[in-house]
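> No letters, just coordinates:
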């Protein structure tokens, strides 16, 4: 039997528990009373204006919200503006992309390094975010069944993608820019501007994916093709078929041999024949040159490279210099459903903010590495547009001439951060690539980390061997933003092990590194 004192303790504990529960119930009652009061007031207010069911109440509140957005005191987001009346909108016409500013006639603009940082992609957003929001939506609600807003379906237009396209158009001094799912979808759209029996002339040293597109897809639709060394303008002039040639497509520097084309003279020649000029400017980025200002009609980028800069998304961009081309590209982008998704658009916008500092650091590293490679006995030929030939070093492996260097310097602000070299021995080249540790073996270029590959085995492997103009031993480097001392050490070690008697260079390097670590 519990003692009297123990029973008292139990009773006091029960009383305290009950008192605590009473307090909780009273708090809940007060909360319910407050909510009931608020609901009563809301129902009374709505009842004064619109008698009816719960549906009427919700409909009334939605209408009131919409009306507020159109008052003089409200900051009106751009996506609430009306595109036009359904009675006057021609759904069969070439679809117009959302209204945006154009930069083809602007002459005074801030430096690209500033533009990418201060750019405001949503100036009409009432909340003024410092970073462009991601409009992760497939559809957009319209003002009414007879009045349309500028966005209806993300395939046709999305505010996040519009922001990206506006910024790139500004960087390129373009009338308009359009963002696609990949660089290849951007290139495909350019080729689809032309008809059966039209002719496209492309530079001979060309990205493998574009070569495949032209020779295995475009030719099936009756488009005629010619591959010409566009650095030879005489040969190019002879290759033009008057009335048939409709496009000259170039890369400068070309990928991967870094050949330089005189874009001003080529563009002038093309204009005499009514031929469009398109430039794959992926190697340079708009930070280093603006082909539209040199006479080109179309500029494209594989934005997966320098524009994004982090190897975390895929994007292609087409920039055009006039409204007519803009309408045609917009139509194809919408009709074929190749537009970039909102989240990927946001990733590229984020990457672009560091474009200037990435490119500057990458170029600095590249020049140092080019100087080193020029001194390595195993390097037979060195291809890089940003290194001036030394007249006092006739034995230098650098292949670009002084006139080529001067031409590129007159067109662009720098040589970029991609170079290539030959060893004269395929096996040696393979051993050098395998011996690198910081340089990652992968296709692509332009990322903030350094990459290495052999084009004939990776990036240009799609070109049949009999049609390939590249040496099989060619190595391509894409230089990143790492510390230059570490990159040079990695290359020096790679050449050391590649020329050693080690059977498996990667295994030997790993073994030696483990041995050195054990000594410490």
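Received, thanks. Computed from a predicted structure; not experimentally measured.
> With adjacent residues omitted, what lies nearest to residue 298?
On the basis of C-beta to C-beta, 6 or more residues apart in numbering, the spatially nearest residue to residue 298 that is not a chain neighbour turns out to be residue 278, at 3.9 Å. Every residue, glycine included, has its C-beta placed from N, CA and C.
> And the pLDDT at the one you found?
The confidence metric pLDDT takes the value 98 at residue 278.
> cool, residue 147 as well?
Residue 147 carries a pLDDT score of 86 in this model.
> go on, residue 13?
80.
> can you check the one 3 residues further on too?
Reading off the confidence values, residue 16 has pLDDT 80.
> Residue 458 too?
Looking at residue 458, its pLDDT reads 87.
> ok, it - contacts?
If you count contacts by C-beta atoms under 8 Å, 6 or more residues apart in numbering, residue 458 has them with 442, 443.
> Got the phi and psi for it?
Dihedral pair for residue 458: phi -130, psi -90, per degrees, to the nearest 10.
> Geometrically speaking, which residue is the centre of this protein?
The centre of the chain sits closest to residue 303, judged by C-alpha atoms, centre = their mean, with a distance of 2.5 Å.
> Could you pull out the strands in the protein for me?
Assignment of strands within the chain using DSSP state E yields the ranges 84-85, 147-148, 176-180, 199-203, 224-228, 245-251, 276-280, 298-302, 316-320, 381-383, 418-422, 440-441, 451-453, 475-478.
> most tightly surrounded among these?
strand 316-320 (a mean of 30; mean count of other C-beta atoms under 10 Å).
> what packs against that strand?
helix 159-172, strand 176-180, helix 183-191, strand 298-302, helix 323-336 (3 or more C-beta pairs under 8 Å, 6 or more residues apart in numbering; DSSP states H and E).
> could those be laid out in CSV, adding mean pLDDT?
Converted to CSV, the helices and strands packed on strand 316-320 look like this (pLDDT from 0 to 100):
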stretch, mean pLDDT
helix 159-172, 96
strand 176-180, 97
helix 183-191, 97
strand 298-302, 98
helix 323-336, 94
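> Go through the ones you listed and name the closest to residue 389.
Taking C-beta to C-beta, strand 298-302 is the member of the helices and strands packed on strand 316-320 nearest to residue 389, at 28.4 Å.
> tell me which strands and helices the closest one is in contact with?
Packing partners of strand 298-302 (3+ C-beta pairs under 8 Å, 6+ apart): helix 183-191, strand 276-280, strand 316-320.
> how big is the angle separating the last one from strand 298-302?
Compare the direction of strand 316-320 with that of strand 298-302 by axes from the mean of the first three to the mean of the last three C-alpha atoms, to 10 degrees and you get 170 degrees.
> so what secondary structure elements neighbour the longest helix along the chain?
In the chain, with assignment by DSSP state H, the single longest helix is helix 4-49. Contact here means 3+ C-beta pairs under 8 Å, 6+ apart; on that basis helix 4-49 packs against helix 54-69.
> pLDDT on the helix it packs on, on average?
Averaging pLDDT residue by residue across helix 54-69 gives 41.
> Residue 405 and residue 260, how far apart?
8 Å (C-beta to C-beta, to the nearest Å).
> Looking at these two, which one has more neighbours?
Neighbours per residue (other C-beta atoms under 10 Å) separate residue 405 from residue 260, with residue 260 holding more: 24 against 19.
> okay but the more buried one is in contact with residue 250, surely?
No: taking contacts as C-beta atoms under 8 Å, residue 260 lies outside contact range of residue 250: 10.1 Å.
> who touches residue 30 in this structure?
Residue 30 makes no contacts at all, as judged by C-beta under 8 Å, 6+ apart.
> And the pLDDT at it?
On the pLDDT scale, residue 30 gets 75.
> That one and residue 20: what is the separation?
Here residue 30 is placed at a distance of 16 Å from residue 20 (C-beta to C-beta).
> What count of nearby residues applies to residue 486?
Applying other C-beta under 10 Å, we find 12 residues neighbouring residue 486.
> Fine, thanks again, bye for now.
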